[in-house]
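**Student:** Take this sequence and fold it.
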Amino acid sequence: MPLRRSGSRRTADRRTAIHASPQSIYERAGLLACREAYDVAMTALGVSLLLVGAVLILIEAHVPTLGVLGGPGVAALGVGVVLAVLGLGGGVVLGVVAALLLAGTAGGVLAVTVGKGVAVRRRSVRAGPESLLGRVGTVRSWNEVTGSVQVDGALWRARRSAMDDEDEEGLHPGDAVVVDHLDGLTVRVRRAEEWEVTR
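**Tutor:** The predicted structure is shown next:
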């Protein structure tokens with residue numbers, strides 16, 4: 001009979017464990033400290049900041065704002081990692097190390113993006129009338145101050161440049177000229193130097 005009592009106690013213990021409250025289960029398993037260390041609100045805020053930071057950096061990569069969106073994105077990533085790690089029960093040191101690694105990587109990506117954006121803004125114009133500045137052309141017809149010149153296969157109305165006033169000799173058809181200014185659809189030209197014609 002004592003064997004039956006011990007068997008019934010085990011059965012009773014199992015039933016109690018199944019129907020026990022969640023708090024008593026945590027206490028029995030010794031996991032109450034882990035449950036208290038996990039902060040859902042802090043983790044949610046950290047993950048939200050991670051997502052916002054990633055989106056800002058992604059926008060910066062596609063629409064170069066020279067760091068206006070990317071800088072706050074990197075900061076949001078760093079703060080988000082710290083909050084997420086702390087919310088999950090990790091230590092402050094772990095959170096800071098993770099934030100430094102992620103923010104350093106994101107900062108590197110941001111530096112490359114900003115560098116490429118600056119390089120694009122420094123590029124000279126390659127299309128339209130502004131692209132004619134500095135180009136060498138050929139005089140087709142000329143009378144004292146005005147005439148027509150051919151530059152890059154197109155015929156343009158032209159006037160003598162203010163920089164070319166000291167040149168007493170007039171321009172003649174076939175002379176090489178350099179476009180140095182643009183007034184609407186009229187180009188201002190000067191006589192080309194020898195080194196400009198050979199380049």
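
**Student:** got the contact list for W156?
**Tutor:** Taking Cβ atoms under 8 Å, 6 or more residues apart in numbering, we find W156 in contact with 132, 137, 148-150, 185-187. (C-beta placed from N, C-alpha, C; glycine too.)

**Student:** Got a ChimeraX select line for the buried ones in those residues?
**Tutor:** Selecting only the buried entries of the contacts of W156 in ChimeraX, with 16 or more other Cβ atoms under 10 Å as the criterion:
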select :132,137,149,187
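
**Student:** The contacts of W156 in helices, which ones?
**Tutor:** Under the assignment DSSP state H, the contacts of W156 contribute nothing to helices.

**Student:** can you map out the helices along this protein?
**Tutor:** Residue ranges of the helices in the chain, as given by DSSP H, are 2-18, 22-29, 32-37, 40-62, 70-87, 92-122, 194-198.

**Student:** Using the record's assignment, carve this structure into domains.
**Tutor:** 36-122, 129-194 (automatic domain parsing).

**Student:** ok, how many other residues are close to P64?
**Tutor:** The number of residues packed around P64, counting by other Cβ atoms under 10 Å, is 20.

**Student:** what about it, distance to T113?
**Tutor:** For P64, the distance to T113 (Cβ to Cβ, to the nearest Å) stands at 6 Å.

**Student:** Next: G95.
**Tutor:** When distance is defined by Cβ to Cβ, G95 is 26 Å away from T113.

**Student:** same deal with P129?
**Tutor:** For P129, the distance to T113 under the criterion Cβ to Cβ works out to 31 Å.

**Student:** ok, now E144?
**Tutor:** According to Cβ to Cβ, E144 and T113 sit 53 Å apart.

**Student:** More neighbours: which of the two?
**Tutor:** The neighbour comparison of E144 against T113 (other Cβ under 10 Å) goes to T113, with 20 against 8.

**Student:** Tell me who's in contact with the more buried one.
**Tutor:** Taking Cβ under 8 Å, 6+ apart, one finds 60-61, 64, 70 in contact with T113.
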